[in-house]
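A.B. asks: test case, fold it:
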Amino acid sequence: PISGSRRYTDFLPSLVVRITPSDDTMFRIAYSRSIGRPQYSDLSPGGSVTVEGEGEISVDSGNPALKPYVADAIDMTGEWYFAPGGLISIGAFAKFIRNPIFTQSYVLTDASFGGETYDRINFSQTLNADRGDIIGLEAAYQQQFTFLPGLLSGFGVNLNLTLIDATLRMPGRGSIAFPEQSSLLWGAQLFYQKGPVEASVAYHHSGRALIAAGDEKLTDQYNDDLRRLDAKVAVDLTRNIRLFAEGQNLTDEPTRQYQGGVRNWVTQDERYGRTFYIGASLKW
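C.D. replies: Now for the predicted structure:
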């Protein structure tokens with residue numbers, strides 16, 4: 001049995017300034033402070049033990065001593081609505097986080113757990129780091145080709161790009177990559193909106209990212225690049241009836257994980273196939 005308690009009071013200010021120098025141009029500057037409480041499962045002192053093989057187990061444990069993280073965020077964006085259905089936006093953002101929550105993994109050899117001795121014990125536990133910084137730039141372009149004749153005027157494109165520099169200051173390791181934060185995100189979408197028809201084909205790329213920090217770089221766990229090609233179409237038969245179809249992960253991209261920052265040290269390579277939905281919606 002174990003018990004514990006924690007009390008805290010936080011002041012969470014926010015301020016948004018919007019400047020509109022013209023009817024088609026807008027600038028925003030925002031500051032906010034937020035807190036993120038640990039998940040109940042992460043606070044639990046319990047966990048799970050998995051037998052991996054003879055003489056080897058994996059132990060996942062919660063941490064009742066976790067503190068909530070506090071983040072100060074600054075966002076700046078500029079938007080230009082250059083045409084009907086057309087937008088170009090550029091933004092910059094920064095988050096400064098105290099007590100960020102991350103998962104640490106480490107390995108013990110010839111160690112004991114629960115009164116038993118094992119050749120190898122793989123431990124994983126959520127902890128608080130000292131601080132984390134996330135700084136990035138983002139840009140987006142969207143335009144519907146309303147200048148084209150007839151049915152072609154329903155076509156349009158949507159492009160977006162985000163570049164991020166994110167670090168975590170971890171006890172005993174110094175600065176490492178911020179977990180679950182890619183440094184490169186981008187997407188491209190071709191869409192159609194005209195009359196009763198809406199359709200799109202979208203490609204998204206999420207760059208590789210650290211998912212669990214080890215006690216040394218050799219044991220860090222990473223997600224590899226992830227790419228997705230999705231498509232969907234919807235047709236309004238009447239004002240109240242819509243038919244739709246959607247396909248996800250059409251290229252059957254794998255989910256890969258690797259260790260130690262070396263992409264050839266693969267620890268997981270799984271395919272989940274393609275997913276399709278067909279349905280109808282009613283409204284009245």
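A.B. asks: L161 pairs with what?
C.D. replies: Legend: beta-bridge partners of L161 under DSSP bridges are A139, W186.
A.B. asks: I figured it hits A188, correct?
C.D. replies: No: contact criterion Cβ atoms under 8 Å: L161 and A188 do not qualify, at 9.6 Å. Bear in mind the C-beta positions are built from the backbone N, C-alpha and C, glycine included.
A.B. asks: so which bits of whatever helix or strand G91 lives in are buried?
C.D. replies: Assigned by DSSP states H and E, G91 belongs to strand 86-98. Residues 86-89, 91, 93, 95, 97-98 are the ones in strand 86-98 that count as buried (16 or more other Cβ atoms under 10 Å).
A.B. asks: looking at the residues you listed, which is nearest D75?
C.D. replies: F93 (4.7 Å; Cβ to Cβ).
A.B. asks: ok, now which ones touch the closest one?
C.D. replies: By Cβ atoms under 8 Å, 6 or more residues apart in numbering, the residues touching F93 are 73-76, 134-136, 138.
A.B. asks: buried ones among those residues?
C.D. replies: Neighbour counting by 16+ other Cβ under 10 Å classes 73, 75, 134, 136, 138 among the contacts of F93 as buried.
A.B. asks: quick one: low-confidence ranges for the protein?
C.D. replies: Nowhere does the chain drop to pLDDT under 70.
A.B. asks: what about the helices in it?
C.D. replies: 40-43 (DSSP state H).
A.B. asks: how about a markdown table for the buried residues of strand 86-98, with distance to V266 added?
C.D. replies: Formatted as a markdown table, those follow (distance: Cβ to Cβ, whole Å):
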| residue | distance to V266 |
| --- | --- |
| G86 | 43 |
| L87 | 40 |
| I88 | 40 |
| S89 | 38 |
| G91 | 35 |
| F93 | 33 |
| K95 | 31 |
| I97 | 31 |
| R98 | 35 |
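A.B. asks: closest to V51 out of those?
C.D. replies: Nearest to V51 among the buried residues of strand 86-98, with distances taken as Cβ to Cβ, is I97, at 36.4 Å.
A.B. asks: give the contact list for that closest one.
C.D. replies: So I97 contacts 69-72, 131-134 (Cβ under 8 Å, 6+ apart).
A.B. asks: do R169 as well
C.D. replies: Contacts of R169 by Cβ under 8 Å, 6+ apart are 129-132, 175.
A.B. asks: one more: F27?
C.D. replies: So F27 contacts 18-21, 76-79 (Cβ under 8 Å, 6+ apart).
A.B. asks: change it to 6 Å
C.D. replies: 19, 78 (Cβ atoms under 6 Å, 6 or more residues apart in numbering).
A.B. asks: so which residues of the stretch 1-150 of the chain form strands?
C.D. replies: 14-22, 25-36, 47-53, 56-61, 69-83, 86-98, 101-113, 116-128, 131-144 (DSSP state E, counting those that start in this stretch).
A.B. asks: parallel or antiparallel, list what pairs with the fifth one.
C.D. replies: According to DSSP bridges, the neighbouring strands of strand 69-83, each with its direction, are strand 25-36 (antiparallel), strand 86-98 (antiparallel).
A.B. asks: what do you get for the shortest one?
C.D. replies: The pairing partners recorded for strand 56-61 under DSSP bridges are strand 47-53 (antiparallel), strand 116-128 (parallel).
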